[in-house]
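Trainee: Below is the sequence, then the predicted model.
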Amino acid sequence: MKKFTLTLLGAILALGITACGDKGTNGTNTNNQGETQTEKAITVDELLTKSAEASQKLNSFSMEANMNQNITIAQGDQKQEQKIDIAMKADANKEPFGMYQEMKMSMPGQGEQDIKQYITKEAIYTQVQGNWVKLPDEMIGNMIQALEESAKPEKQLEQFKSIAKDMKVAEDGDKYVMTGDLSGDGLKDLAKSLMSQAGSGEDQQALEMIEKMNIKNIKVTYAVNKDSFLPVQSDIDMVMEMEEGGQKISMDIAMKSSFSKYNEVGEIKVPQEVVDSAQ
């Protein structure tokens, strides 16, 4: 269950980064003569095209995210609740590819864990409880490939045309804010596709579990800068449930993300002291 949960969080993260909109709204603008003019509404095709173009030109960015997950497992009169909270900061660079992230994770029975990671094409180094560990080379190939793709949101934009009809776009100051209240079995195909991009497409157990899930609702709020069409923030709320072995499992996941430092991160290198101390 834990493995599936973390995989699904990755899928939701991808959804938050790449969600797209449908219908534009008319705005107004005042010219130099004080006359009010109506601006042309932005269309879904324009949003997709401009967002993809902006993402292709983007070489690096920073992200902060807070994820709160509540799991309830009920069997008969017995009920068990688990709460997992994750706070994350990440820097990503496309070329040369590299990521650095810090996570603070709180899980029942384990207290708080501080995790740091350096990820490059050559290696992945993880620090847990103050100790650095280098992942074995044979384990990292597919992981690095998937993480490279996650740093290219333009690769995923095409998928979200299927849910564009359920999204709306409004103007809010210097932002376009896209919102959607999504439901239906079609979300399963979307989640499985995202899992495949996250490197879990061959995980039969995870795919079977998501097939059993009743994804009741996904609420998306996603904002982009009106000038650059780059992401500013995203909020994702997801509610789902399943029954397995006489147990009813309910999951409520919420994630809030913000994006900044476009093309300011630069190349990410693993410090020599990390390499020397890694086990």
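Mentor: That came in fine, so what should we check first?

Trainee: Let me know the secondary structure of Glu267.
Mentor: Secondary structure assignment for Glu267 (DSSP: H, G, I helix; E, B strand; the rest coil): coil.

Trainee: wait, it sits on Gly98?
Mentor: Yes. Using C-beta atoms under 8 Å, Glu267 is in contact with Gly98, at 6.4 Å. C-beta here means a position set from N, CA and C on the backbone, and glycine is covered the same way.

Trainee: Neighbour count for those two, which is higher?
Mentor: Gly98 (24 against 12; other C-beta atoms under 10 Å).

Trainee: For Asp276, see how far away the more buried one is.
Mentor: 19 Å (C-beta to C-beta, to the nearest Å).

Trainee: cool, and Glu138?
Mentor: 22 Å.

Trainee: Same question for Pro108.
Mentor: 35 Å.

Trainee: So which of the two has more stuff around it?
Mentor: Pro108 (11 against 8).

Trainee: which residues does the residue lying closest to that one once chain neighbours are set aside contact?
Mentor: Nearest residue to Pro108 in three dimensions, chain neighbours excluded: Gln82, at 5.2 Å (C-beta to C-beta, 6 or more residues apart in numbering). Shown in contact with Gln82 (C-beta atoms under 8 Å, 6 or more residues apart in numbering): 70-73, 107-108.

Trainee: Please name the bridge partners of Gln82.
Mentor: For Gln82, the beta-bridge partners under DSSP bridges are Ile71.

Trainee: What separation is there between it and Met167?
Mentor: Taking C-beta to C-beta, one finds Gln82 at 32 Å from Met167.

Trainee: Which stretches in the stretch 51-200 of the chain count as helices?
Mentor: 137-150, 186-195 (DSSP state H, counting those that start in this stretch).

Trainee: Good, wrapping up.
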